[in-house]
Structures are given as C-alpha cells and as structure tokens.
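Peer 1: This is a predicted model, with the sequence first.
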Amino acid sequence: MKGLFITLEGIEGAGKTTALSVLKDWFEAQGRVVCATREPGGTPLAEEIRTILKAPRSEPVVEHTELLLMFAARAQHVERIIRPALARGEVVLCDRFTDSSLAYQGYARGVALEKITQLADMVHPDCWPDRTFWLDLPVEQGLARAAGRGGFDRFEQEKIAFFKQVRAGFAAIAARQPQRIVRIDSSGTADTVARQLIESVSQW
C-alpha cells in the first residue's frame, strides 16, 4: 500500500494535537499503520533542537539562526522517520512541516520565501505532503487556548501582530495550493473540527 504524507498546520492553540489524534484513530480504523510525529522534533536529535528553539532566552534569536535550526531538525526527521515510514506504506501524520517555516520565518519574520524554498529543495526535494490540513481560527482565540496550557514558550511569547502575520501567511500559502491544502475551521468545538476532518478524508 502506498505511503501517505499528511501534515497539520496552524497558529498556537489551533488544535493540531487533537486533530492529529482524530486522524490517527480514523486511519487505524481503516486498517492503516500510522506514524504520528511532529516538528521540530520526531527524533532524539531533532527533539534536542526543538528544546533549543522553543526555550525562552534573553539573547535575541536571529531570523536565519531560527530558520536553519528548523531545517537542521527537519533534515534529521525526514531521513530518519518520514521517508522510512512512507517507504513501508504507512500514513505519516505530522504536526507542522515546511509550511510553518514559510508562515513563521517567511511571512512573519521576513526571511525571503525563496531562501526557505531553497532549503526545502535541499532537505526534502521529493518529499512534500500529499495533503495538508490548515486549522484556522482567530489569533486571539488561539492564544487564549494556548494560555490555558500554562507557561509560554519562546514562540508563544510573541505579540498578537506577529501571529496575525503568521495566519495571513498560511492563508497566502493555501490560496496558492488549493489542491493540497484544506482549510479547517477550528474555532468551534473539538467534535465540530473532528467532523470536518473525517468528512474530508472520507472523500479521498
């Protein structure tokens, strides 16, 4: 059976973790083997990089430093986890991928999108998601949900204006790639989001 690569994207508090669990249960009920993973992270080394990236610190993190660390973790993740799982015919469900780099480091941080695309072409030229679910909701609602988890990481400490740029970035990416990216309204209840996800995957 052919492997299937699905990613979940969105701002903080969008509900990606819950959505990933819904999709995992659905695909396993169809008899598929599922590899559930996340970015940055997914392997021991990539998880160490995740800790570096998310830890609040007094030293400002240069935009290119952040971007290169993201792709360093991604390179390890793709080669050690994603490619092998796809080769085994599994469904790979990944919380964030390169669309997040485009939205966060590109549209919000101001790194040229061409630079991010070049890194993607180097790290995973033939390994792009088959389908991406963009979990979209108002920034204020997402940050309120994130605050409920307690303890903001370095990204969650950003201003509302930053996350509005991130959201606009996801919208721009989705508009350019409507065949791959499915917008899910995640402002409602978990059950409402789950119904949208299952309705979409059931039509494949």
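Peer 2: Everything's here; your move. Numbers count the residues shown, from 1 in each chain.
Peer 1: so who does the residue lying farthest from the centre of the chain touch?
Peer 2: For the chain, the C-alpha lying farthest from the average C-alpha position belongs to Ser58; by C-alpha atoms, centre = their mean, that distance is 26.1 Å. In this structure, Ser58 makes contact with no residue, judged by C-beta atoms under 8 Å, 6 or more residues apart in numbering. Bear in mind the C-beta positions are built from the backbone N, C-alpha and C, glycine included.
Peer 1: Now do it against Ile52, distance only.
Peer 2: With distances taken as C-beta to C-beta, to the nearest Å, Ser58 is found 14 Å from Ile52.
Peer 1: As CSV, could you dump the C-alpha coordinates of the helix or strand bottoming out on mean pLDDT in the chain?
Peer 2: Of all the helices and strands that make up the chain, the one with the lowest confidence by mean pLDDT, DSSP states H and E is helix 139-149; it has a mean of 91. As requested, the backbone C-alpha atoms of helix 139-149 are provided in CSV (Å, rounded to 0.1, in the frame of the first residue of the first chain):
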residue,chain,number,x,y,z
VAL,A,139,-5.5,34.7,16.6
GLU,A,140,-7.0,36.0,19.9
GLN,A,141,-8.9,32.7,20.3
GLY,A,142,-5.9,30.6,19.6
LEU,A,143,-3.6,32.5,22.0
ALA,A,144,-6.3,32.2,24.7
ARG,A,145,-6.3,28.5,24.3
ALA,A,146,-2.5,28.4,24.4
ALA,A,147,-2.5,30.4,27.6
GLY,A,148,-4.8,27.8,29.1
ARG,A,149,-2.0,25.3,28.8
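Peer 1: Which stretches in this structure count as helices?
Peer 2: Along the chain, counting by DSSP state H, helices occupy 16-29, 44-54, 63-77, 83-87, 98-100, 113-123, 139-149, 160-176, 190-202.
Peer 1: Quick one: residues contacting the residue lying closest to Arg109 once chain neighbours are set aside.
Peer 2: Excluding its sequence neighbours, the residue lying closest to Arg109 (C-beta to C-beta, 6 or more residues apart in numbering) is Glu63, at 4.4 Å. Remark: with contacts taken as C-beta under 8 Å, 6+ apart, Glu63 is in contact with 105, 109-111.
Peer 1: do Gly41 as well
Peer 2: 47, 49-50, 73, 77.
Peer 1: swap the cut-off to 6 Å and go again
Peer 2: Going by C-beta atoms under 6 Å, 6 or more residues apart in numbering, Gly41 touches 47, 50.
Peer 1: Any idea what the spatially closest residue to Ala171 that is not a sequence neighbour is bridged to?
Peer 2: In space, and not counting its chain neighbours, Ala171 is closest to Asp136: 7.7 Å by C-beta to C-beta, 6+ apart. Here Asp136 shows beta-bridge partners Asp185, assigned using DSSP bridges.
Peer 1: deepest of the helices of the chain, which one?
Peer 2: Across the helices of the chain, the average number of neighbours (mean count of other C-beta atoms under 10 Å) peaks for helix 98-100, which reaches a mean of 25.
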